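Undergrad: here's my sequence, what's the structure:
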Amino acid sequence: MFIDVHCHLTGGEYDGVGGTEAVLSRAREAGVKAFVVSGFDLPSSLAAAELAARHRDVYFCAGYQPEELKKYREGDLDEIAALAREEKCVAVGEIGLDRHFPDNPPVELQRELFVRQIALADDAGLPIVVHSRDGAAETLDILRANAAKLKRGGLMHCYSYSAEMTGAFAALGMYFSFGGTSTFKNAKKVHESARAVPADRILSETDSPYLTPVPCRGQFPNEPKNVGLVVRNLAELRKEKEEALEEQIFANAKRLFFRLKDL
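TA: Numbers count the residues shown, from 1 in each chain. Below you'll find the predicted structure:
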């Protein structure tokens, strides 16, 4: 009984493997019971909403990921806000900060849109999904400054920061999802964090079509069917029974994403 709380299924990456419908079918056969398809800009958020409308077990997030802000136009957030009101929108995201590439949008713009989308989520009564890379302290500072608007908490997607910081993020109502990176042999910091996260805050994702987990690492595209590999590895890292962790993750997902129904 798996759930993939963060995947991207609306691009053309799956055209060569049967398309999105085939990807969903293979995941269901592998025991995946629900999918949260994340938007990263306005078009992908609209496409995620459309996919969710066609499938009972598919939900979506809507938001502007920091690397995609080059495409942002004033007025786009009004459309994101409209999507956030839809019944199957479970969070505003993915949003946040990314300092990894030198040609990323200006950090000032990233910070502004991060804060504005936190407020948008608060207005909609939804949690947020945070993308944060090379900006742990800065992300934490922004979340702390906006703590009053995090009434529904949020998700640190593909968490890669230190185990020591998990407590600070958790105190703000944040959950933590782990994907393929947590299966990589040399990802020691991620392994430590996966062990440190409280049982009631851990979640599973694939970030498909990216970050394919071991033993399929190197294959592209990644698919939600592989989320079971992630959960198995997490259970080994945490020295827990896999079935019990599956149930815990599903309960955590339904608590954070309270619009998940009939699962």
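Undergrad: who are the contact partners of residue 94?
TA: Taking CB atoms under 8 Å, 6 or more residues apart in numbering, we find residue 94 in contact with 6, 38, 39, 40, 61, 63, 65, 129, 130, 131, 157. Using the backbone N, CA and C atoms, a C-beta is placed for each residue, glycine as well.
Undergrad: state the distance from the last one to residue 209.
TA: In this structure, residue 157 and residue 209 are separated by 15 Å, where distance is defined by CB to CB, to the nearest Å.
Undergrad: ok, now the fourth one?
TA: Counting by CB to CB, the separation of residue 40 from residue 209 is 12 Å.
Undergrad: list residues touching both of the two?
TA: With CB under 8 Å, 6+ apart as the test, residue 40 and residue 209 both reach residue 8.
Undergrad: about what we covered before: from the contacts of residue 94, which ones fall inside strands?
TA: Among the contacts of residue 94, the ones falling in strands (DSSP state E) are 6, 38, 61, 129, 130, 131.
Undergrad: in this structure, which strand is the longest?
TA: The chain, longest strand under DSSP E: strand 89-98.
Undergrad: list the buried ones in the helix or strand just after that strand?
TA: Counting by DSSP states H and E, the next helix or strand C-terminal to strand 89-98 is helix 107-124. By neighbour count on 16 or more other CB atoms under 10 Å, the buried set for helix 107-124 is 110, 111, 113, 114, 117, 118, 120, 121, 122, 124.
Undergrad: before we move on, what about stretch 226-238?
TA: 226, 227, 228, 229, 230, 231, 233, 234, 235, 237, 238.
Undergrad: now for the third one: which residues touch it?
TA: Neighbouring residues of residue 228 by CB under 8 Å, 6+ apart: 2, 30, 31, 32.
Undergrad: helix, strand, or coil at it?
TA: Following DSSP: H, G, I helix; E, B strand; the rest coil, residue 228 is assigned to helix.
Undergrad: how about the helices in the protein?
TA: Using DSSP state H, the helices of the chain run over residues 19-29, 42-54, 76-84, 107-124, 136-145, 163-170, 188-196, 227-238, 242-256.
Undergrad: out of those, nearest to residue 205?
TA: Distance to residue 205, taken as CB to CB, is lowest for helix 227-238 among those, at 7.0 Å.
Undergrad: do me a favour and average the pLDDT over the closest one.
TA: What helix 227-238 shows for mean pLDDT is 98.
Undergrad: one step back: taking the contacts of residue 228 together, which two end up most distant?
TA: 2 and 30 (7.4 Å).
Undergrad: residue 224 versus residue 212, what's the distance?
TA: 11 Å.
Undergrad: mind checking the end-to-end distance for stretch 200-217?
TA: Here the two ends of stretch 200-217 are set 28 Å apart, with distance taken as CA to CA, to the nearest Å.
Undergrad: tell me which residues of it are tucked away?
TA: For stretch 200-217, by 16+ other CB under 10 Å, it's 201-213.
Undergrad: going by distance to residue 102, which of the residues you listed wins?
TA: Once CB to CB is applied, the member of the buried residues of stretch 200-217 that ends up nearest residue 102 is residue 210, at 20.5 Å.
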